[in-house]
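> Okay, sequence plus prediction incoming.
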Amino acid sequence: MSDLVNNDTGRRAPARQTLIRAVLRNPLGAAASFVILCVVLIAILAPLIAPQDPTAVQIFKVNAPWDAEFLLGGDGSGRDILSRLIFGARNTLLGALIVVGVSSTLGVAAGLIGGYYAGRADTVFSWVADGLMALPAIIVLLAFHQVLGSSIYYSMAVFGILLTPGFFRLTRNLVASVRNELYIDAARVSGLSDSRIIFRHVLKTVRPPLVIQVSIVAGIAIIIQAGLEFLGLGDSQVPTWGGMLQDGFANLYVAPEAVWWPGLAISLTVASFVLLANAVRDTLQQNQPTGRKLAVDPSPVSQDGDAADSADIILSVRDLAVGYPDGDRWREVVRDVSFNVRRGEILGIVGESGSGKSQTAFAILGLLASGGTVLRGSIRFEGRDVTKLDFAARHALRGSQIAYVPQEPMSNLDPSFKIGFQLMEPMRTVLGLSKAQARARALELLGHVGLPNPLRTFNAYPHQISGGMAQRVLIAGAISCNPKLLIADEPTTALDVTVQAEILKLLRNLQSELGMSVIMVTHNFGVVADLCDRVAVMQQGRIVEINAAGTLFATPEQDYTKMLLSCVLEDSPVRAYVAPTAGGGN
Ligand SMILES: Nc1ncnc2c1ncn2[C@@H]1O[C@H](COP(=O)(O)OP(=O)(O)OP(=O)(O)O)[C@@H](O)[C@H]1O
């Protein structure tokens, strides 16, 4: 259904392409990628482009300066430095590839299994990882070199195993953080196999950080390989940058420039891998389009005609547009939304799933998800445009002036703390109440929202109460600081039908008693009929109709509204409409 909101300002590019493009737009990322690409091409084409045989010795070219035949001169054994440098790229990159391949394959596989299944597998992998991290790498490498022989690639494979914990921990933590997400549960419920869920849903989440880790490990591997070869652990017949460094160092006083070339190659390649990792990280963190800004829509539609500065109006939203980055563009999920909320009024926002109801509510609260931005328009609360407020001022407004009741009561209570503590904390900080005052008020509020034994709920942890009780607790928390506006985002969706009716009754009673304004986000016309004075109907990010609830039910203007109403009316009778108490219509 959310596909219906398709105010895309451009076609969606695959995420990987977007990341690559964004990294290449970063000057350092582009330069680093260019250097790495050159080194890789040199390594691949080494036999074709090397002017000499890198192992051929010419006795009269020992430590010789450059000439037409040996363009960078000869090394301490009379071999062509340029050809050895070119072949060295191949052998050095192969070593790095072995390290990255071994460490990432083992680490990611263990991390996916440990993070996804947790339990015993996770414990065993964690022990192994801790054990590997405790080993002194250089001593292990020296010992294995003695056992396995002169090939540096064996040492690189062992080094890869030693670097496995880095990949394991990264993957495990990322997987653990998404393991219980609802979309993973949904995939499980829909019958997908674990391996399919891991490869299709979970691996996608961990891919970008792994790219960073691979780049960093490649740089480290090159340095370690060069270090081992410099210590003489490599095969002297195989041209590598580390081996060249050792040879040049031995002849430092005779031909100092022989050290420069491998030194330069190592530094440039390692720096490029590190810079590439930084560029990927910056791109991921930025998470904002770097391209053109969207032009302001020249003809925004105003759906609610009241003057924004009328004293009766507590909230005035004007020409609101909310967008999320999509490649180098903004994808607008809410656009041209205008409405007012009067003091003491209950405004319903209805529409099908994905129509932008929650995004409108989150924009008012200043709680858009990462990357979400108010692109245009204003949100005036008691005359002040809250979109212009800094973080601290916005934070101060939430809870004290504008409160929020969420859809999922359980996931909005911290399982580590007792209900009472969670209720008292905001009252102590926002209202400045003492501990005793906050406790008394919390108990009073718990009674007020209809909980039969306030003290027991006060002393309970969230898992010890039902969903309906949790929603009452959250409503108590929302009204605890006497807000002027309450935003309730589908507050009854997660509850069973009997409890739904009780919660709606509670909200209605509290609203009339406290005189708050309420924005009720819902897709349920029954809730609208029960509670709301006026209704805004949203479709594909826009408000298509706004009217007094009675008028909207009796004479809906838009076909979309009629369609939504007919969906309700076909199956079940809408609940009896309660005449609005505050002014309706425009
Ligand atoms: N974090 C996000 N990043 C990108 N797009 C998002 C994000 N959150 C929501 N959207 C998009 O915004 C659009 C509107 O979502 P919104 O949650 O406001 O819908 P809704 O009308 O409240 O639906 P529902 O009743 O299902 O909650 C959807 O198309 C959704 O894909």
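Noted; the coordinates are in hand.

> contacting residues around the nearest residue to H463 once chain neighbours are set aside?
Of all residues not flanking H463 in the chain, P415 sits nearest, at 6.1 Å (CB to CB, 6 or more residues apart in numbering). C-beta: built from backbone N, CA, C; applies to glycine. Contact analysis of P415 by CB atoms under 8 Å, 6 or more residues apart in numbering lists 461-463.

> Of those residues, select the buried ones using a PyMOL command.
With 16 or more other CB atoms under 10 Å as the criterion, this PyMOL line picks the buried residues out of the contacts of P415:
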select buried, resi 462
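
> near the ligand, which of the contacts of P415 show up?
Checking those against the ligand by CB under 6 Å from any ligand atom, not one of them is in range.

> Kindly indicate which of the contacts of P415 lies nearest the ligand.
P462 (22.6 Å; CB to the nearest ligand atom).

> that older thread, my guess is the residue nearest to H463 is in a strand, correct?
No: using DSSP: H, G, I helix; E, B strand; the rest coil, the assignment for P415 is coil, not a strand.

> where in the stretch 101-250 of the chain is pLDDT low?
By pLDDT under 70, the low-scoring segments of the stretch 101-250 of the chain are 150, 181-183, 185-187, 189-191.

> got the domain boundaries for the protein?
Structural domains annotated on the chain: 20-286, 406-482, as defined by automatic domain parsing.

> Just confirm yes or no for the longest one near the ligand.
No: where contact is defined by CB under 6 Å from any ligand atom, no part of domain 20-286 touches the ligand; the two come within 12.0 Å at best.

> Need the three-state assignment for the residue nearest the centre of the chain.
Among the residues of the chain, the one closest to the centroid is S370, at 6.7 Å (CA atoms, centre = their mean). The local conformation at S370, judged by three-state DSSP, is coil.

> Next up, the contacts around the residue lying farthest from the centre of the chain.
The C-alpha centroid of the chain is most remote from F60, which lies 61.8 Å away (CA atoms, centre = their mean). F60 makes contacts with G78, as judged by CB under 8 Å, 6+ apart.

> quick one: it and the ligand, what's the gap?
Separation of F60 from the ligand (CB to the nearest ligand atom, to the nearest Å): 69 Å.

> what does R281 give?
20 Å.

> which helices and strands does the lengthiest helix in the chain pack with?
Using DSSP state H to define each element, the chain has its longest helix at helix 81-117. Using 3 or more CB pairs under 8 Å, 6 or more residues apart in numbering; DSSP states H and E, the elements in contact with helix 81-117 are helix 27-44, helix 46-49, helix 119-134, helix 152-162, helix 164-179, helix 203-230, helix 241-250, helix 257-286.

> What are the buried residues along it?
Using 16+ other CB under 10 Å as the test for burial, helix 81-117 gives 81-100, 102-104, 106-108, 110-116.

> again, but for stretch 259-272
In terms of neighbour count (16+ other CB under 10 Å), stretch 259-272 has its buried residues at 259, 261-263, 265-266, 269-270, 272.

> contact partners of that stretch?
Contact with stretch 259-272 is made by 31-33, 35-36, 39, 72, 81-82, 85, 88-89, 92, 219, 222-223, 226, 241-242, 244-245, 248-249, 252, as judged by CB under 8 Å, 6+ apart.

> roughly how far is it from the heart of the chain?
Centroid separation for stretch 259-272 versus its chain: 35 Å, with CA atoms, centre = their mean, to the nearest Å.

> Same check on stretch 381-394?
Taking mean C-alpha positions (CA atoms, centre = their mean), stretch 381-394 and its chain are 25 Å apart.

> residue contacts, the residue in the stretch 451-586 of the chain positioned nearest to the ligand?
Per CB to the nearest ligand atom, H523 is where the stretch 451-586 of the chain lies closest to the ligand, at 5.2 Å. Residues near H523 by CB under 8 Å, 6+ apart: 350-353, 357, 490.

> how would you label it: helix, strand or coil?
coil.

> Please apply the same query to I519.
Secondary structure, three-state DSSP: I519 is strand.

> Tell me who's in contact with it.
Residues in contact with I519 (CB under 8 Å, 6+ apart) are 315, 341, 346-347, 349, 361, 364, 485-488.

> can you put the residues you listed in CSV and add distance to the ligand and pLDDT?
Listed next are the contacts of I519 as CSV, based on distance: CB to the nearest ligand atom, whole Å; pLDDT from 0 to 100:
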residue, distance to the ligand, pLDDT
L315, 18, 94
V341, 18, 94
I346, 18, 93
L347, 15, 94
I349, 8, 94
A361, 8, 93
I364, 12, 93
L485, 18, 93
L486, 17, 92
I487, 12, 93
A488, 12, 90
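
> Farthest-apart pair in those residues, please.
I346 and I364 (15.0 Å; CB to CB).
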